[in-house]
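*Asks:* Requesting a structural model of the entry that follows:
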Amino acid sequence: MYTLHEKFAAAAEGKRFLLGVELVSTRGTMVDQQAIQTRAFANQLVRCDHVDWISITDNAGGNPQLSPIALGKPILYAGKEVLIHLSCKDFNRNGLESAAWELASEGFHNILALSGDYPAAGYHGRGKPVFDIDSVGLLTMLDEMNRGLSRPAAGSNGRSNQIGATNFFAGAVATNFKRHESEVVPQLLKLEKKVACGAKFIIAQIGYDARKSHEMLCYMRQRGMAGVPLIGNVFLLTKAVARFFRKQTIPGVTISDELFDRCERADERFFKELAAKQIAIFRALGFAGAYLGGVHRIEDVEEIRAIESTFCRDDWKQFAREIKFPVPDEFYCYERDEATGLANPSRRTPISRKATHNVTLAYRFSKSIHDTVFTPRTMLNRVATSIYAKSKDPMQGPRSLRVIEHASKAAMFGCRDCGDCSLPDIAFLCPESQCAKNQRNGPCGGTRDGKCEVHDFECIWSRAYDRAKYEGREEQLLAHAPVIQDESLRGTSSWANALLGRDHNADKNGADKNGDAASLKLAASPFSSVSTAADKEPHVDRPTADPTIGASAPVATVQADRRVDQQLVRAGGEGV
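*Replies:* Residues are numbered from 1 along each chain as shown. This is a model prediction of the structure:
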């Protein structure tokens, strides 16, 4: 029997095409009727040789549900590979570490690391979100656990003990099914950062645009990630699911007007053929496999497979032209290949560096002052460091400067006094006061038409991208990551912590991230004018969702819809 790691390795070499099926957890105990039905479906999947693994969600849609471990144990013990979803919305870093130790102890080594959806309605109302770390931070932690996590030894004066290494095979979710350039590019940069921090495979988000799917594959190949398995997402639509997605209640997942109209007129056969066609496209393009969601009966899985088996070798080319349901004015990183209708990796979409409404005078002023004082080894930096080091309370600095820091940052940025400031990382936008999920390592996947999934304002990472692009440094947008905020610094001076090397900007791997250009080196930009060898690769002949439309729905309506419709659709769509 092969492990999921071994299966993915074979798929990455083009030796096989994998199929995973999503199992959505339920609310209640294992003896409740819905759980019994889910377990019966799981037992059928276990006996299906064509299913390579079963994925089990973690409070999908932000709803409280049975732990994936409870559903996963019988499946694992029956000999089927299980992929456990682990999200950051309900646990802080300590809780996530504990959950990881439990998974390792129970024999669950395959983990899908997620930031998670914003919590929906639960016991006596909506739960308070955690988001202590995000998917990038979780991947970083799991990777370190695989190498042997260190912990301080009691009374050791700085010595540490190394805990036994785990054997996690961790992956992540990524999306480029977004409308605006300022959404798409940061998502792709975060995909790259996830791989750098330990993701061994990527599962694409739900979407219905073959060109966008091909675009992500091209991006990964051009950016040195050709060896990382990419799994295409195939979510079985129905009329009910299409209406559910139309309400925009699953963050980051939507369908276009054209596809919605098709769904309203379609019969059951159309939906299964659509799923089969998507699988055929992924297989032909060179994806490592397909991730099948929205299915609750083994008969549906088998019928979709049977339909796909009837297709001829080149039918996928016509399917790729058919499955193109973008929203109006959707941004693509690569221009369209007229011969195939897919992405042309040798022709990148031109971008404009004109200042947008996000490049404000306040931003330029803040950046200028920061660069003057906090750039290491400059004269003012040395003076400021000396002042704070010699102050009566080095954690707060001189009282007069502390008052100025607190008042100015609160007025300009809505500062929450976290003490571990990420303003310079996010183009002087505060993740604590201006991001519902406190995302410090790039955007979550839940934006709707460039706006936050929770609050009706523009995503801070879209704004930060505009500012970085104006200065020609959009490629460095996530050069600071991974950031794992130190909560012990809350209430102290972030200026003092930055100057005295206590915050997340302290040296990593011997390079100061504020000033060492070596730490900012990245692969060639997918938008630069430099041509690479990967640009010349054949486009698609390898025989071997897009954003929401219009204004986002009110939060209260979204939460109510999630609660009511979860029983109807039991859809996944966990935040990336």
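
*Asks:* Which residue is the nearest non-sequential neighbour of residue 502?
*Replies:* What sits nearest to residue 502 in space, not counting adjacent residues and going by CB to CB, 6 or more residues apart in numbering, is residue 489, at 6.6 Å. The way it works is simple: take the backbone N, C-alpha and C, and place the C-beta from them, glycine included.

*Asks:* Can you report how many residues neighbour residue 424?
*Replies:* Burial of residue 424 is recorded as 17 neighbouring residues (other CB atoms under 10 Å).

*Asks:* what separates the nearest residue to it once chain neighbours are set aside from residue 490, distance-wise?
*Replies:* Leaving aside its chain neighbours, residue 424 sits nearest to residue 370 (5.6 Å; criterion: CB to CB, 6+ apart). Between residue 370 and residue 490 the distance, using CB to CB, to the nearest Å, works out to 21 Å.

*Asks:* What are the phi and psi values at the closest residue to residue 245 other than its chain neighbours?
*Replies:* In space, not counting the residues next to it along the chain, residue 245 is nearest to residue 255; the distance is 5.0 Å by CB to CB, 6+ apart. Backbone torsions of residue 255, given as degrees, to the nearest 10, read phi -130, psi 150.

*Asks:* Can you measure across stretch 453-471, start residue to end residue?
*Replies:* Start and end residues of stretch 453-471 are separated by 28 Å (CA to CA, to the nearest Å).

*Asks:* cool, and stretch 330-339?
*Replies:* Stretch 330-339 has an end-to-end distance of 20 Å (CA to CA).

*Asks:* Stretch 81-100 now?
*Replies:* The stretch stretch 81-100 measures 17 Å between its terminal residues, going by CA to CA.

*Asks:* Please point out which parts of that stretch sit buried.
*Replies:* 81-91, 93, 96-97, 99-100 (16 or more other CB atoms under 10 Å).

*Asks:* for that stretch, the distance to its chain's centre please.
*Replies:* Shown here is stretch 81-100, whose average C-alpha point lies 15 Å from the average C-alpha point of the whole chain (CA atoms, centre = their mean, to the nearest Å).

*Asks:* repeat for stretch 323-337
*Replies:* On CA atoms, centre = their mean, the centre of stretch 323-337 falls 21 Å from that of its chain.

*Asks:* tell me the mean pLDDT over that stretch?
*Replies:* When the per-residue pLDDT values of stretch 323-337 are averaged, the result is 96.

*Asks:* Then stretch 228-240?
*Replies:* The predicted model assigns stretch 228-240 a mean pLDDT of 97.

*Asks:* Quick one: end-to-end length of it, please.
*Replies:* Terminal residues of stretch 228-240 are spaced 35 Å apart (CA to CA).

*Asks:* roughly how far is it from the heart of the chain?
*Replies:* A distance of 16 Å separates the centroid of the chain from that of stretch 228-240, by CA atoms, centre = their mean.

*Asks:* and it, which residues are buried?
*Replies:* By neighbour count with 16+ other CB under 10 Å, stretch 228-240 contains the buried residues 228, 229, 230, 231, 232, 233, 234, 235, 236, 237, 238.

*Asks:* likewise stretch 470-482?
*Replies:* For stretch 470-482, burial by neighbour count (16+ other CB under 10 Å) applies to 470, 474, 475, 476, 477, 478, 479, 480, 481, 482.

*Asks:* Which of those residues sits closest to residue 221?
*Replies:* Distance ranking of these against residue 221, using CB to CB, places residue 475 first at 17.6 Å.

*Asks:* show me where pLDDT drops low in the stretch 451-576 of the chain?
*Replies:* Across the stretch 451-576 of the chain, the ranges flagged by pLDDT under 70 are 507-576.

*Asks:* what residues does the helix or strand residue 40 falls within touch?
*Replies:* When secondary structure is defined by DSSP states H and E, residue 40 falls within helix 33-47. The set of residues that contact helix 33-47 without belonging to it, under CB atoms under 8 Å, 6 or more residues apart in numbering, is 21, 23-30, 51, 54, 66, 71, 74-75, 78-80, 296-298, 301.

*Asks:* still on that earlier bit, want to throw the buried residues of stretch 228-240 into CSV with distance to residue 174 and secondary structure?
*Replies:* Output for the buried residues of stretch 228-240, formatted as CSV (distance: CB to CB, whole Å; DSSP: H, G, I helix; E, B strand; the rest coil):
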residue, distance to residue 174, secondary structure
228, 10, coil
229, 12, coil
230, 9, strand
231, 10, strand
232, 12, strand
233, 10, strand
234, 16, strand
235, 16, strand
236, 21, coil
237, 21, coil
238, 26, coil
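
*Asks:* returning to what we had before: would you mark the buried spots in the helix holding residue 40?
*Replies:* Under the neighbour-count rule (16+ other CB under 10 Å), helix 33-47 has 35, 38, 39, 41, 42, 44, 45, 46 buried.

*Asks:* cool, stretch 260-277 as well?
*Replies:* In stretch 260-277, counting by 16+ other CB under 10 Å, buried: 260, 262, 263, 266, 271, 272, 273, 274, 275, 276, 277.

*Asks:* how far out from the middle of the chain is that stretch?
*Replies:* With CA atoms, centre = their mean as the basis, stretch 260-277 stands 28 Å off its chain's centre.

*Asks:* got it, and stretch 351-363?
*Replies:* With CA atoms, centre = their mean as the basis, the mean position of stretch 351-363 lies at 26 Å from the chain mean.

*Asks:* can you tell me the distance between the two ends of it?
*Replies:* Stretch 351-363 has its terminal residues 22 Å apart, counting by CA to CA.

*Asks:* what sits up against that stretch?
*Replies:* The set of residues external to stretch 351-363 that reach it, using CB under 8 Å, 6+ apart, is 181, 412, 427-428, 458, 462-463, 466-467, 469-470, 472, 527.
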